[in-house]
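Engineer: with the sequence up front, the predicted model follows.
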Amino acid sequence: MKNKINVNKKDFYFEKTPDGGNLFSISKEIFCRKTKYQLIEIIENPNFGKILFLDNIIQSASKDEFIYHETIVHPAMINHPAPKKVLVIGGGDGYIIREILKHKSVKEINLVDIDEESVKTCDKFLHQEFKLLASPKTKVIFEDGLLFLSKNKKKFDVIIMDLPGIEENSSAEPAYSSKCFKLAFESLKTKGVISVQGEDISFLRRTGNLKIYANVVKYFPFVKSILYSCPSFNATCSVILACKNHDPEKLSKKKAEKRIKRISEKLNYFSYNMYYALFSNIPKYLEKDYKKNFEEKNELLEKNYINPFVYGKKSSIKGNGLYAKTKIKKGTLIVEWGGKTIPIKEWKKLPEKIREYQIQLNSKNFFGITRESEIDEAEFINHSCNPNCGIKEYTKVVALRDIFPEEELTYDYIMTDFFDGYLKCLCGEKNCRRALYPNDYKKAFLQKKTKVFFQNLINRKITNSTKKKPTN
């Protein structure tokens, strides 16, 4: 066994960690083999029972594994009214399948794990009371999780991602990428829930958690970290729980109690009383880290910021549009455009397609993206003569009123732009002006309608023209 050491004539397994290591005494060596993907080691320990290690990182211990597996499964499952189809990515040791099967509503479980030998080894050596591969509700697919999601056409009620940590195993990083969570969001039904192994959140080890959290909030409107402590892990661990259509922390007590009662077997860790406590013990330093994702660091950003409560798709107005995932309150920041400040001479040399995304700051400079590769969903906001968004300062798009789920986000282009000639309007609103003209911002009825939510340069022009009577 590669990671075995001898101390005072006793055999120990040494697990290396980023800031040291852990020693586990060995009563018995059960299994050790290098598969195509990873090193599998299973030992018997007098305190923790059978311990599974993958590439020298502890995955589970038979005496306390229920703490982690109940935490990653049941909070997610009770946040769905009746989960029937569940996708598990990773989780080849089988314990997650055991917990999911405690919910009687479940009809189908798809377990996707890249390492067939690892799954079969765990099923043989770790499980006395049940066999993962024998469950008629479980379909095991031996494939990379990200590849599966990219080809998947099914819709699931719950997705559970139980993968090695990205801090210890860089090969797992693609599965925690922004692309992966976008695909996961698209693979969930309207009331879908996702639960993700969230890494150690202790002060010196929280980097992995922050990376995962940052990618989840790009697509899911309601995201929470829940903490737990598992003795064999010797760490302050977390699960990231995200929902498509409601805040899990605000799940009614009546619903939570009813749904926990539907679990068919007795639990050893998770309970009704514990559910709400899981959200209340987040350290202040972690709250501050999460908040930084939404705070402005500079007056003008280098890259676009987009609110995680919105997403892009084909528009009924023109091309692509930006839509609300959930209800957005009046005054909420939707988008803040980023880019570079460039002189007018350089701006004129840019391709026409890129110039469309630039905002004039003053008589000498423009601001915005400079390459086509920088175009993203933040640029998808269409014009409307009856807009639900307006402009603050130069680059911030904010909600003018409460915006409802699946409503397209729009602003009146006269709030930001000066036009050469005119721009044809396609909004289709009852009050559609048919075309936009260079001096529309001067019109009193438009200033009143948009409540002067113009970018700063146009606001200055409006202010400078107040000595003259506005046009109608």
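Structural biologist: On my side now, so go ahead.
Engineer: helices of the protein, start to end?
Structural biologist: Along the chain, counting by DSSP state H, helices occupy 65-78, 95-100, 116-125, 145-151, 178-187, 207-216, 253-261, 272-277, 284-291, 344-349, 352-355, 444-449, 456-464.
Engineer: list the buried residues for the strand of greatest length in the chain?
Structural biologist: As assigned by DSSP state E, the longest strand anywhere in the chain is strand 188-200. Buried positions in strand 188-200, judged by neighbour count with 16 or more other C-beta atoms under 10 Å: L188, K189, K191, G192, V193, I194, S195, V196, Q197, G198, E199, D200. In short, each C-beta sits where N, CA and C put it, glycine included.
Engineer: parallel or antiparallel, list what pairs with it.
Structural biologist: For strand 188-200, the paired strands and their directions (DSSP bridges) are strand 156-162 (parallel), strand 235-243 (antiparallel).
Engineer: rank the ones you listed by pLDDT, which is bottom?
Structural biologist: Comparing mean pLDDT across those, the weakest is strand 235-243, with a mean of 93.
Engineer: now the angle from it to helix 178-187?
Structural biologist: If you take axes from the mean of the first three to the mean of the last three C-alpha atoms, to 10 degrees, strand 235-243 sits at 50 degrees to helix 178-187.
Engineer: quick one: contacts of strand 235-243?
Structural biologist: The contact list for strand 235-243, computed with C-beta atoms under 8 Å, 6 or more residues apart in numbering, reads 68, 71-72, 75-76, 79, 191-202, 205, 209, 212-213, 216-217, 220-230, 248.
Engineer: which of those residues are buried?
Structural biologist: The buried subset of the contacts of strand 235-243 (16+ other C-beta under 10 Å) comprises 68, 71-72, 75-76, 79, 191-202, 205, 209, 212-213, 216-217, 220-228, 230, 248.
Engineer: between the strands paired with strand 188-200, which one is nearest to N307?
Structural biologist: Nearest of the strands paired with strand 188-200 to N307, taken as C-beta to C-beta: strand 235-243 at 15.1 Å.
Engineer: identify each buried residue in the closest one, please.
Structural biologist: Judged by neighbour count using 16+ other C-beta under 10 Å, the buried positions of strand 235-243 are A235, T236, C237, S238, V239, I240, L241, A242, C243.
Engineer: same check, this time on stretch 380-399
Structural biologist: Across stretch 380-399, burial judged by 16+ other C-beta under 10 Å covers 380-385, 387-392, 394-399.
Engineer: quick one, what contacts F181?
Structural biologist: I194, N215, V216, K218, Y219, F220.
Engineer: and if we set it to 7 Å?
Structural biologist: Shown in contact with F181 (C-beta atoms under 7 Å, 6 or more residues apart in numbering): N215, V216, K218, Y219.
Engineer: same check, this time on I96
Structural biologist: With contact set as C-beta under 7 Å, 6+ apart, I96 has these partners: H69, I72, V73, V88, I160, D162.
Engineer: that older thread, okay, the strands paired with strand 188-200 in JSON lines with distance to F14 next?
Structural biologist: JSON lines is the format used below for the strands paired with strand 188-200 (distance: least, C-beta to C-beta, whole Å):
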{"stretch": "strand 156-162", "distance to F14": "24"}
{"stretch": "strand 235-243", "distance to F14": "16"}
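Engineer: how about those, which one is nearest E265?
Structural biologist: strand 156-162 (17.8 Å).
Engineer: please save the CA atoms from the closest one in CSV.
Structural biologist: C-alpha atoms of strand 156-162 as CSV (Å, rounded to 0.1, in the frame of the first residue of the first chain):
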residue,chain,number,x,y,z
PHE,A,156,-34.3,15.8,-13.7
ASP,A,157,-36.0,17.0,-10.5
VAL,A,158,-32.8,16.8,-8.4
ILE,A,159,-29.1,16.7,-9.3
ILE,A,160,-26.5,15.7,-6.8
MET,A,161,-22.8,16.2,-7.6
ASP,A,162,-20.4,14.2,-5.3
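Engineer: tell me the angle it makes with helix 65-78.
Structural biologist: Counting by the same axes, to 10 degrees, strand 156-162 lies at 150 degrees to helix 65-78.
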